[in-house]
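Participant: The sequence and its predicted three-dimensional model are supplied below.
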Amino acid sequence: ETTTSTTTSERNIVLWSRIDQKSCYKAILSAGLTCIVLPTTTHPTTDEVSTDLNALQHALDKYSHRILAVITTTSCFCPRVPDEVDKVAKLIDAWNRQNYNNDDDGTTNTNNNSGETTAGIAHVINHAYGLQCHQTNKLLNRACTIGRVDAIICSTDKNFLVPVGGALILSPNDQVIASISKNYPGRASASPMVDLFITLLSMGLNGYKGILEERRRLVDVFRVNLDALAKKFGERMLDCPRNTISFGITLDTLVNNDEDKKKKNVQITRFGSMLFTRCISGTRVVPTGETKTISGHTFQGFGSSYDEYPHSYMTAACAVGMGEEEMTEFFERLERCWREYVRKREKEVDSKLTAEN
């Protein structure tokens, strides 16, 4: 479960709650650290995939003082839901108090803004596009209040409608921000911050609040339309109530049950390519049982953030910047594409039966 890059640091292990997105994982390895991929767990009564707190506790006890940080995620594609960062923060804080408070350096391991140095295991949260989600922001605030949170990383493009390339770093500890600022090597482009500055000036505070409220209003409309579309084709929405940005529907009836798994996955992937070529953007189609090896570590069930997720599925997001007209167009294109796929599959099956006879 580990992949190692060369490092001379004694505390060189990062515990990473699995999320099937390559950038964070590669960033850990690029920093010369060892990444321990923590498994996720499924919810007993919903379709959600989330934090395995037992696995985290086991890893804390196993790797102990070799651990530099824990990285969690609050922005993810359905069926993955935000990590339980409040419980993770509380767990890390308790572990630090037990194992670091008696250290000779006299440092503290609690969140603060007094400029004190923090010791112990750090907690970094990948918040990506979560700033637009009120529910997730409340979860973050709770984590910062009851436990250990060192840094929160957010994308500018996904939250503020600007070109890709910028990020915001937040922290309840002002010394963390000061340390990061001092480590900046210079020479980077200022374009991302200029884009953000211009956009915020253009929208103003009320304008930005307006697009956030519009997204919150459209979430219910999006969910109803996606559910209705799924039922038209004998599918259902994935029940993931803790993810209020990304939504999913099963693709269990998209292929014949008598086909082997490999052929099924080929057909499901084909459906995804049809969506892409017909400009139905923002969707993800994930077949079951896919594997992907990244820097020496093999992820089973890649795409769903879980080794054996029981459904093939498609996801779509209701994010800031989407208008009601665009949403209507999205569902119309999606339905047309789905019907086209079904017609082509029926012709292929008929041709195969004719040839066999």
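Facilitator: Everything's here; your move.
Participant: Distance of residue 221 relative to residue 283?
Facilitator: As judged by Cβ to Cβ, to the nearest Å, residue 221 and residue 283 stand 18 Å apart. C-beta: built from backbone N, CA, C; applies to glycine.
Participant: With just CA atoms, put the helix or strand hosting residue 28 into PDB.
Facilitator: Per DSSP states H and E: residue 28 is located in helix 22-30. What follows is helix 22-30 as a C-alpha-only set of coordinates in PDB (Å, rounded to 0.1, in the frame of the first residue of the first chain):
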ATOM      1  CA  LYS A  22      -3.800  11.700  -9.500                       C
ATOM      2  CA  SER A  23      -2.500  15.200  -8.800                       C
ATOM      3  CA  CYS A  24      -2.500  14.900  -5.000                       C
ATOM      4  CA  TYR A  25      -0.900  11.500  -5.000                       C
ATOM      5  CA  LYS A  26       1.800  12.600  -7.400                       C
ATOM      6  CA  ALA A  27       2.500  15.800  -5.400                       C
ATOM      7  CA  ILE A  28       3.200  13.700  -2.300                       C
ATOM      8  CA  LEU A  29       5.700  11.600  -4.200                       C
ATOM      9  CA  SER A  30       7.200  14.600  -5.900                       C
END
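Participant: helices or strands up against it?
Facilitator: Secondary-structure packing of helix 22-30 (3 or more Cβ pairs under 8 Å, 6 or more residues apart in numbering; DSSP states H and E): strand 13-17, strand 34-38, strand 67-73, strand 291-294.
Participant: and residue 221 and residue 283? which has more neighbours close in?
Facilitator: Neighbours were counted for residue 221 and for residue 283 using other Cβ atoms under 10 Å; residue 283 has more, 17 against 13.
Participant: hang on, isn't the more buried one packed against residue 314?
Facilitator: Yes - Residue 283 is within contact range of residue 314, at 5.8 Å (criterion: Cβ atoms under 8 Å).
Participant: shared neighbours of those two, which are they?
Facilitator: Common neighbours of residue 283 and residue 314 (criterion: Cβ atoms under 8 Å, 6 or more residues apart in numbering): 272, 275.
Participant: thinking again about what came up before, quick one: the helices and strands packed on helix 22-30 as a markdown table, columns for mean neighbour count and mean pLDDT too.
Facilitator: Shown next, in a markdown table, are these (neighbours: other Cβ atoms under 10 Å; pLDDT from 0 to 100):
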| stretch | mean neighbour count | mean pLDDT |
| --- | --- | --- |
| strand 13-17 | 25 | 97 |
| strand 34-38 | 22 | 96 |
| strand 67-73 | 23 | 97 |
| strand 291-294 | 12 | 92 |
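Participant: Next, the buried residues of the strand or helix carrying residue 175.
Facilitator: Element membership for residue 175, per DSSP H and E: helix 174-183. Neighbour counts over helix 174-183 (16 or more other Cβ atoms under 10 Å) mark 175-176 as buried.
Participant: Could you pull out the strands in the stretch 201-350 of the chain for me?
Facilitator: Taking DSSP state E, counting those that start in this stretch, the strands of the stretch 201-350 of the chain run over residues 246-250, 284-286, 291-294, 297-300, 313-317.
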